[in-house]
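**Q** quick one: sequence and predicted model below, then my questions.
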Amino acid sequence: GAVVSQHPSWVICKSGTSVKIECRSLDFQATTMFWYRQFPKQSLMLMATSNEGSKATYEQGVEKDKFLINHASLTLSTLTVTSAHPEDSSFYICSARDGLAGGTGELFFGEGSRLTVL
Amino acid sequence: GNSVTQMEGPVTLSEEAFLTINCTYTATGYPSLFWYVQYPGEGLQLLLKATKADDKGSNKGFEATYRKETTSFHLEKGSVQVSDSAVYFCALSPVSGGYNKLIFGAGTRLAVHP
């Protein structure tokens, strides 16, 4: 199947700093990418839908100024956690939809990025 | 609203045992239903799906049937292998979403021992 890569796979940062996580579709183009957050032993919670060339759509309760999403190309979306605090520590997962003509419409997931804020 | 409930794990089985992981959902209309699997150190992979009532999704020996009357989509496999050890997620996509905006259950960890 298609491959979605996230980087970094894990990051540790100090409280108050910003962290950027990249999500790349390696062998297909994705007009839509999704960002999820997963707490230990809990479900994946959708944070936002990232659309190439336009503003992201955030789910209710997700702070758009804290979780900045940029989808500047058909193969790259970034999530920036601004002024990170310990409560932002989590596992962040992206997925990309193979939605262009000829694609399957299926969602492909990255391997996740674990953020730890000290 | 839309939600997915899975049986809590971990589920521990011996090789060749029968597997059932229960999944029920709450949704308006007719959602699409999915099972995803996450092997250690890897991203989620689509295992199987069903898009309408009474559909049966199947892949790699796993099966699940979309039961609207019981709002369930239980995952089954007749004979598990050690290589099936992973975390399994049940998910739904609301009527208007297609593959978009998947809503996941909490995941069920399966451990298969030789």
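**A** Right, received. Where do you want to start?

**Q** okay, and the helix or strand of chain A with the least pLDDT?
**A** strand A:107-109 (a mean of 87; mean pLDDT, DSSP states H and E).

**Q** how near is the closest residue to residue B:26 other than its chain neighbours to residue B:94?
**A** Closest residue to residue B:26 apart from its sequence neighbours, by CB to CB, 6 or more residues apart in numbering or on different chains: residue B:3 at 4.7 Å. Every residue, glycine included, has its C-beta placed from N, CA and C. Distance of residue B:3 to residue B:94, computed by CB to CB, to the nearest Å: 11 Å.

**Q** what touches both of the two?
**A** Common contacts of residue B:3 and residue B:94 (CB atoms under 8 Å, 6 or more residues apart in numbering or on different chains): B:27, B:103.

**Q** between the two, which one's more packed in?
**A** More crowded of residue B:3 and residue B:94, by other CB atoms under 10 Å in any protein chain shown: residue B:94, with 18 against 13.

**Q** go ahead and confirm that one touches residue B:26.
**A** No: distance between residue B:94 and residue B:26: 11.0 Å, which falls outside the contact criterion (CB atoms under 8 Å).

**Q** give me the common contacts of the two.
**A** Common neighbours of residue B:94 and residue B:26, using CB under 8 Å, 6+ apart, are residue B:2.

**Q** on that earlier part again, contacting residues around the residue nearest to residue B:26?
**A** Residue B:3 sits in contact with B:25-27, B:103, where contact means CB under 8 Å, 6+ apart.

**Q** residue B:112 now?
**A** So residue B:112 contacts B:12-15, B:17, B:80-85 (CB under 8 Å, 6+ apart).

**Q** quick one: average confidence on the strand or helix carrying it?
**A** Following DSSP states H and E, one finds residue B:112 within strand B:108-113. The pLDDT scores in strand B:108-113 average 96.

**Q** need the pLDDT of residue B:84.
**A** Looking at residue B:84, its pLDDT is 97.

**Q** quickly note the distance from the residue lying closest to it once chain neighbours are set aside to residue B:4.
**A** The shortest distance from residue B:84 to any non-neighbouring residue, by CB to CB, 6+ apart, is to residue B:112 (5.4 Å). Separation of residue B:112 from residue B:4 (CB to CB) stands at 23 Å.

**Q** go on, residue B:32?
**A** 12 Å.

**Q** so which bits of chain A are right by chain B?
**A** Within reach of chain B by CB under 8 Å from any CB of the partner chain, chain A has these residues: A:1, A:4, A:6, A:32, A:34, A:36, A:41-46, A:49, A:93, A:95, A:97, A:99, A:105-112.

**Q** I figured residue A:49 hits residue A:32, correct?
**A** Yes: using CB under 8 Å, residue A:49 is in contact with residue A:32, at 6.4 Å.
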